[in-house]
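A.B. asks: I need the structure of the sequence given here:
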Amino acid sequence: MDILLALVPALMWGMMPLIATHFGGTQHRQTLGVTLGALVLAIIIFLVKQPVMTSYIFWIGIASGICWAIGQINQFAAIHRLGVSKAMPLSTSMQLIFTALLGVLVLGEWSSSYARIIGGIALLLIVLGAIATSFKDKTAVSETAGESTSDMLTGIIRLLISTAGYVAYVLIPRLGHVEGDGVWGLLLPQAIGMVGGALIMSLAHKPLSRDTALNVIPGLVWAVGNVTMMLAVARIGTAIGFSLSQANLAIATLGGIFILKESKTSRELVFSLVGVALVIAGAIMIGTIPKDGSDASAKKPAITTTVDTSATAAPQATDTLPAQNAQQ
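C.D. replies: Numbering: from 1, shown residues only. So this is what the prediction gives:
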């Protein structure tokens, strides 16, 4: 039963960008709708759990949530350019790489030789996976090649901005030492910050529409994944919970290809599947690196934080920061 619980975040975070793309709308309306859905569930969780919330936790959550909104709106913009099946693996790869590097450079993690070797191999796998998923079959290049190159460049720039937002979303609570039960108190102010950030960025783009209302549904889907991830980590530990959650990348990628019917040649499909497998393998390796860098088989794995991408989740009870959906 615990394993099934741990698979819920993978399913939810993998489905979120697929549902949002199906409903459509601009990136501004999609982001606002998703944040409103997250706010609804955050209010319910707050009323049920009644967690401790100090003014310090409140403002940490607001700042973190605004950064998430920046990350999400740019991820949706990249999805519009590249499609779910290409944008989500690239987004996840960037998040894993940058959160791991910041964990090492800012928080002093991976201090042992063991951790650096395993982490280095993991990052190499993630980079190779990102390259594979962005493979373009030259035999399929048409008259729109120039436009496709422009879309790819714009999409990557958007994903870099998105990654900065997602990484800040995770890093702010970590640097603020909001851990343990305090994480539950973060959920509501983070959701408020998400909605506020989405509104500020969307006011000039007529954000209130039917599209916005429909995208509340993928917001609820994302939020369910976020909460179940926290519950799963508490019950079975991060090494297993984090690893299983990475299946969201496969769900989003395959869903983009087979459900949303995003165009790929047979060679591009093979490269995409290989790339997704490499990224997931690298993420699992990062998730099993203990904080002190000792052999994971001899120590209990440290608790790890991931960003859902589709990318990418709210910060868990963290001891370390390597590596989202959610793609969103």
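A.B. asks: ranges for the helices of the stretch 151-300 of the chain?
C.D. replies: 182-202, 210-214, 216-236, 238-245, 247-258, 266-287 (DSSP state H, counting those that start in this stretch).
A.B. asks: wait, residue 126 touches residue 279, no?
C.D. replies: Yes. Counting by Cβ atoms under 8 Å, residue 126 does reach residue 279; the two are 5.4 Å apart. From N, CA and C alone the C-beta is placed, and that goes for glycine too.
A.B. asks: which neighbours do these two share?
C.D. replies: Common neighbours of residue 126 and residue 279, using Cβ atoms under 8 Å, 6 or more residues apart in numbering, are 93, 96.
A.B. asks: Throw the helices of the stretch 151-300 of the chain into JSON lines and include mean neighbour count and distance to residue 105, thanks.
C.D. replies: Listed next are these as JSON lines, based on neighbours: other Cβ atoms under 10 Å; distance: least, Cβ to Cβ, whole Å:
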{"stretch": "helix 182-202", "mean neighbour count": "23", "distance to residue 105": "24"}
{"stretch": "helix 210-214", "mean neighbour count": "17", "distance to residue 105": "38"}
{"stretch": "helix 216-236", "mean neighbour count": "22", "distance to residue 105": "25"}
{"stretch": "helix 238-245", "mean neighbour count": "25", "distance to residue 105": "21"}
{"stretch": "helix 247-258", "mean neighbour count": "24", "distance to residue 105": "25"}
{"stretch": "helix 266-287", "mean neighbour count": "21", "distance to residue 105": "15"}
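A.B. asks: those: which one's closest to residue 54?
C.D. replies: Residue 54 lies closest to helix 182-202 among the helices of the stretch 151-300 of the chain, at 7.6 Å (Cβ to Cβ).
A.B. asks: the closest one to helix 216-236, inter-axis angle?
C.D. replies: Here the directions of helix 182-202 and helix 216-236 differ by 160 degrees (axes from the mean of the first three to the mean of the last three Cα atoms, to 10 degrees).
A.B. asks: packing partners for helix 182-202?
C.D. replies: For helix 182-202, the elements it packs on are helix 27-49, helix 55-82, helix 145-175, helix 216-236, judged by 3 or more Cβ pairs under 8 Å, 6 or more residues apart in numbering; DSSP states H and E.
A.B. asks: among the ones you listed, which is nearest residue 206?
C.D. replies: helix 27-49 (8.3 Å).
A.B. asks: and the closest one, C-alpha only, in CSV?
C.D. replies: This file holds the C-alpha atoms of helix 27-49, laid out as CSV (Å, rounded to 0.1, in the frame of the first residue of the first chain):
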residue,chain,number,x,y,z
GLN,A,27,0.7,30.2,-20.4
HIS,A,28,-0.7,33.0,-18.2
ARG,A,29,-4.2,31.5,-18.0
GLN,A,30,-2.8,28.0,-17.4
THR,A,31,-0.5,29.1,-14.6
LEU,A,32,-3.2,31.1,-12.9
GLY,A,33,-5.7,28.2,-13.1
VAL,A,34,-3.1,25.8,-11.8
THR,A,35,-2.2,28.0,-8.8
LEU,A,36,-5.9,28.5,-8.0
GLY,A,37,-6.3,24.7,-7.9
ALA,A,38,-3.3,24.4,-5.6
LEU,A,39,-4.7,27.2,-3.3
VAL,A,40,-8.0,25.3,-2.9
LEU,A,41,-6.3,22.2,-1.7
ALA,A,42,-3.8,24.1,0.4
ILE,A,43,-6.7,25.8,2.3
ILE,A,44,-8.3,22.4,2.9
ILE,A,45,-5.0,20.9,4.2
PHE,A,46,-4.5,23.9,6.4
LEU,A,47,-8.0,23.6,8.0
VAL,A,48,-7.6,19.9,8.5
LYS,A,49,-4.0,19.8,9.9
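A.B. asks: that one to helix 216-236, inter-axis angle?
C.D. replies: Using the same axes, to 10 degrees: helix 27-49 against helix 216-236 is 50 degrees.
A.B. asks: I'd like to know which elements helix 27-49 is packed against.
C.D. replies: Secondary elements touching helix 27-49 (3+ Cβ pairs under 8 Å, 6+ apart): helix 2-23, helix 55-82, helix 182-202, helix 210-214, helix 216-236.
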